[in-house]
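Trainee: Sequence plus the predicted model coming up.
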Amino acid sequence: MMKDAYVKIAFFSFLFIVLAGFVIHFFCLTPSFSCGYKIANNHIDFSFNIYSYYPMTINLLVLEENFPVEIKKIFIYYDKNYTGPEKRTTWGLFDHLYSELQIRNYQGNIKMIATQELKSILIKKLASSQENSLSEAIVLNTMAFPEIFKELGILIKEWVNKGGILFWIVGKSKFEAQNLTSVFWTKQLILPFYKDCVASKNSFGSKALDLHYPFIFNGLNISMVNFLKGKVLGKIKYRTTSVASIPLGKGYAIMFGGSMPFSSKDIAKDIAQLVISNAFCSNIKQCKTYKIRRFKRESFHEEINYKFFKLNQNLIIYIYQIGEQATFFKKIQILIED
C-alpha cells in the first residue's frame, strides 16, 4: 500500500511539473500581441502592440503578393536505400522542418515520400485539368535528384511549369548540378567554386528574412537569376548567391547552391520562412527592425504606402522574431482594393 502511495505521489508530481511548464511557456513566456489598421488615401495606417517577458529583436516585412499562394502540402523526397549521412540529414530535415512550420502556425501537411509515391503524385497532377495553383511543394535533398533524374526529371519540370513549387538543394558536384539545371534552364545558372565556398554577406532578401544557408559550391549566378526574373534570397559572394527563387512557367524552383548542412536545422528554418512569408514569389517592399524590451508594453505605428501595388491582391505584413530560438511569428494579409 505504501509503495502504491509513493507511485501515485510521484505520478501526480510529474504531471504537475509538466502542466506548470506548459502554463509558464504559453501564458507567461509567449509575447502578447495585438494589431489594427485603417486604409485610406493609398496608404495603410498599421499599428501594433507587443509585450514580451524577455528582450527580443523583431523584423516587420511588407510584401506585395503577386498572386494568392497557400502551400497546403509539402513532400520531402526520401530514398529507402539511403544510408549514413543521406539518411540522417533527410530525416533531420523532416523533423526540423515540421517543428519550424508548427511554430509559424502552418496549417498544411508535411510528408516524407519515396520514389514511387513521388512519381504517382507527379503523374496524377499532370493528368489533372486543374492547375497546381502554388498549393504543393516538393523538397529534394542533395543526394536524391541525381538518382531519380533520368526517370522523373522531365516530369518534375512539367509539374513545376504547371504551378508546383520545388525546393532543391543542389549539392556539391559541378557536373551533376550543371547537367540537371540545364534541363530546367538553357542559360548558365550555376557558377561552381572549389574553395571559399561559404558566403557570409547578406543580400537584402537574406537580411529581411533572416536566412542563414551559406553554401555556394554551385553558387547561383546573380546576373542569370535577375535575367530569369528570379529573386536573390541568400547570402552573396563573388557573383553568386546561396539561395534564389526562379519562376518556371506557373511555378517556382527555389534553389540552394550547395549541399545539406551536417545539421539541417538552419535550412529547415529557411524553407519555413519562405513557405510562410511567400517571399519566394512576392516582392519585399519594406523591412524594419525593432528592439523589444522585456516587461514593457511597446507600441508601434507604420504608414504603408500601397499606391503602386497591384489592385485586388494581398498585401502581406509578416512580423517575426530574429534569432536561433525564435518562437514569435505573425502574418497579416490585407486585400488591396480599388
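Mentor: Nice, I can see it. Since we're looking at a predicted model, the values are computed, not measured. Numbers count the residues shown, from 1 in each chain.
Trainee: these two touch, right, residue 241 and residue 199?
Mentor: Yes. With contact defined as CB atoms under 8 Å, residue 241 counts as touching residue 199 (7.3 Å). (Glycine included, C-beta is placed from N, CA and C.)
Trainee: Those two: which is more packed in?
Mentor: residue 241 (29 against 25; other CB atoms under 10 Å).
Trainee: who's the more buried one bridged to?
Mentor: Residue 241 has these beta-bridge partners by DSSP bridges: residue 220, residue 236.
Trainee: do the one 10 residues further on as well
Mentor: Each beta-bridge partner of residue 251 is listed here, defined by DSSP bridges: residue 248.
Trainee: What about it, how many residues nearby?
Mentor: With other CB under 10 Å as criterion, residue 251 counts 24.
Trainee: now do residue 226
Mentor: Neighbour tally, residue 226, other CB under 10 Å: 12.
Trainee: And it, which helix or strand is it part of?
Mentor: Using DSSP states H and E, residue 226 maps to helix 222-227.
Trainee: which residues touch that helix?
Mentor: By CB atoms under 8 Å, 6 or more residues apart in numbering, the residues outside helix 222-227 that reach it are 185, 187, 188, 189, 231, 232, 236, 239, 240, 241, 244, 246.
Trainee: Check these for burial and list the buried ones.
Mentor: By neighbour count, with 16 or more other CB atoms under 10 Å, the contacts of helix 222-227 hold 185, 189, 231, 232, 236, 240, 241, 244, 246 as buried.
Trainee: just to revisit the earlier point, please narrow the contacts of helix 222-227 to those residing in strands.
Mentor: Mapping the contacts of helix 222-227 onto strands (DSSP state E) picks out 231, 232, 236, 240, 241, 244, 246.
Trainee: Quick check: the fifth one vs residue 272, distance?
Mentor: By that I understand residue 241. Distance, residue 241 to residue 272, using CB to CB, to the nearest Å: 19 Å.
Trainee: what does the third one give?
Mentor: When CB to CB is the yardstick, residue 236 and residue 272 sit 22 Å from each other.
Trainee: Then the second one?
Mentor: Look at residue 232 and residue 272: by CB to CB, they are 19 Å apart.
Trainee: What of the first one?
Mentor: Counting by CB to CB, the separation of residue 231 from residue 272 is 17 Å.
Trainee: Okay, buried residues for stretch 115-123 please.
Mentor: Buried residues in stretch 115-123 (16+ other CB under 10 Å): 115, 118, 119, 121, 122.
Trainee: ah, wrong one, I meant stretch 60-70
Mentor: Buried-residue list, stretch 60-70, by 16+ other CB under 10 Å: 60, 61, 62, 63, 64, 65, 69.
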